[in-house]
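Colleague: just need the structure, nothing else, for what follows:
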Amino acid sequence: MTASQTARQLARAELTRAIKEAATRQLAETGAAALSLRAVARDLGLASSALYRYFPSRDALLTALIIDAFNAIGAAAESGAAAAAHADPGARWLAACRAVRRWALAHPHEFALVYGSPVPGYQAPDDTVDPATRVTRLMAGLVVEAHASGLLRPPAQPLPGPRLVARQVLDSAGGAPAEPYADLVERSLTLWVSLIGTISFELFGHLNKVITDLPAYFDAAMTVAAEAIGLHVLPPPPADARPGPGAAG
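Modeller: Residues are numbered from 1 along each chain as shown. So this is what the prediction gives:
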């Protein structure tokens, strides 16, 4: 590779980064549904035609932002769990959850992009799937580890009826475990739902004037979710996330 080719690659990477940063600012100002390549071009002082050489459509730019956000959330969760590498699965689960919350509080608009209202007319392509499942794969790994180590308690009351998850989900999890853990896949999904739901309630102000200590409530909510599937996390270590928006005085 010649020096001129290297310089062109660096210039392209730099402009790609600048486009994404300008688009992220637009997300904060107008929301994902109003994202516009023309507005991004104006922000950068470029002709809109120049952006089409980097992102051929608004949806292509949205996809890049979504992939970046999912990868950042997944990396935060993985880093949080790794920081508690010598702890048991329950403690690593809580550490990962706290790391996701910290990221969400620091990047509320990117979090809303991937976990908020769907963007009208946008259909996520298949290449968003792997980044989107980084957090759930981490959670599944911790649950599997706890189960294999004998640290997962069986449910006091198994879920009744047939399996509630799609066949491809069950297959990707290796099938339903043997009794008394046959409903473990369904129960494990509550960990992800509880994590994203609790953070969303905080970010979008639904806990305003309801909760007096948001980090402590977050720990409690994650503990309840984990205990419900038999993953023991009590007593949790001290909360390390700052209070988020909507904290009551």
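Colleague: when you work out contacts or count neighbours from here on, use the C-alpha atoms and nothing else.
Modeller: Noted.
Colleague: what about the closest residue to residue 109 other than its chain neighbours, distance to residue 152?
Modeller: Nearest in space to residue 109, with sequence neighbours left out and distances taken as CA to CA, 6 or more residues apart in numbering, is residue 28 at 5.7 Å. Summarising the geometry, the distance separating residue 28 from residue 152, computed by CA to CA, to the nearest Å, is 41 Å.
Colleague: between the two, which is the more surrounded one?
Modeller: The neighbour count for residue 28 versus residue 152, taken as other CA atoms under 10 Å, is higher for residue 152 (20 against 15).
Colleague: what pairs with that one across the strands?
Modeller: On DSSP bridges, the residues paired with residue 152 through beta bridges are residue 231.
Colleague: lowest-pLDDT helix or strand in the chain?
Modeller: The least trusted helix or strand in the chain, going by mean pLDDT, DSSP states H and E, turns out to be helix 167-172, with a mean of 74.
Colleague: what's that one in contact with?
Modeller: Contacts of helix 167-172 from elsewhere in the structure, counted by CA atoms under 8 Å, 6 or more residues apart in numbering, are 176, 185.
Colleague: helix or strand right after it?
Modeller: Going down the chain from helix 167-172, the next helix or strand is helix 184-203, by DSSP states H and E.
Colleague: output the below-cut-off pLDDT ranges for the protein.
Modeller: Filtered on pLDDT under 70, the chain yields the residue ranges 1-8, 160-162, 172-173, 234-249.
Colleague: and the longest helix belonging to it, which residues are buried?
Modeller: Assignment by DSSP state H gives helix 3-30 as the longest helix of the chain. When burial is assessed from 16 or more other CA atoms under 10 Å, helix 3-30 yields the following buried residues: 16, 19-20, 22-27.
Colleague: do stretch 208-225 as well
Modeller: By neighbour count, and taking 16+ other CA under 10 Å as the criterion, the buried residues in stretch 208-225 are 208, 211, 214-216, 218-225.
Colleague: helices or strands up against the longest helix of the chain?
Modeller: Applying 3 or more CA pairs under 8 Å, 6 or more residues apart in numbering; DSSP states H and E, one finds that helix 3-30 makes contact with helix 37-44, helix 58-83, helix 108-115.
Colleague: and with 7 Å instead?
Modeller: On a contact count with 3 or more CA pairs under 7 Å, 6 or more residues apart in numbering; DSSP states H and E, helix 3-30 meets helix 37-44.
Colleague: so what touches the helix it packs on?
Modeller: Outside of helix 37-44, the residues that reach it under the criterion CA atoms under 7 Å, 6 or more residues apart in numbering are 19, 22-23, 47-48, 51, 58.
Colleague: can you rerun that using 6 Å?
Modeller: Contact partners of helix 37-44, identified using CA atoms under 6 Å, 6 or more residues apart in numbering, comprise 22-23, 47-48.
Colleague: in those, find the pair that's most separated.
Modeller: 23 and 47 (15.2 Å; CA to CA).
Colleague: leaving out chain neighbours, which residue sits closest to residue 135?
Modeller: residue 74 (5.0 Å).
Colleague: in this protein, which residue is closest to the centre?
Modeller: If you average the C-alpha coordinates of the chain and look for the closest C-alpha using CA atoms, centre = their mean, you land on residue 73, 4.6 Å from that point.
Colleague: mind listing what that residue touches?
Modeller: Residues counted as contacts of residue 73 (CA under 6 Å, 6+ apart): none.
Colleague: just residue 182 next, same as before
Modeller: residue 176.
Colleague: from residue 166, how far off is residue 124?
Modeller: Taking CA to CA as the measure, residue 124 and residue 166 are separated by 19 Å.
Colleague: the two: who's more crowded?
Modeller: Neighbour tally, residue 124 and residue 166, criterion other CA under 10 Å: the higher count belongs to residue 124, 16 against 8.
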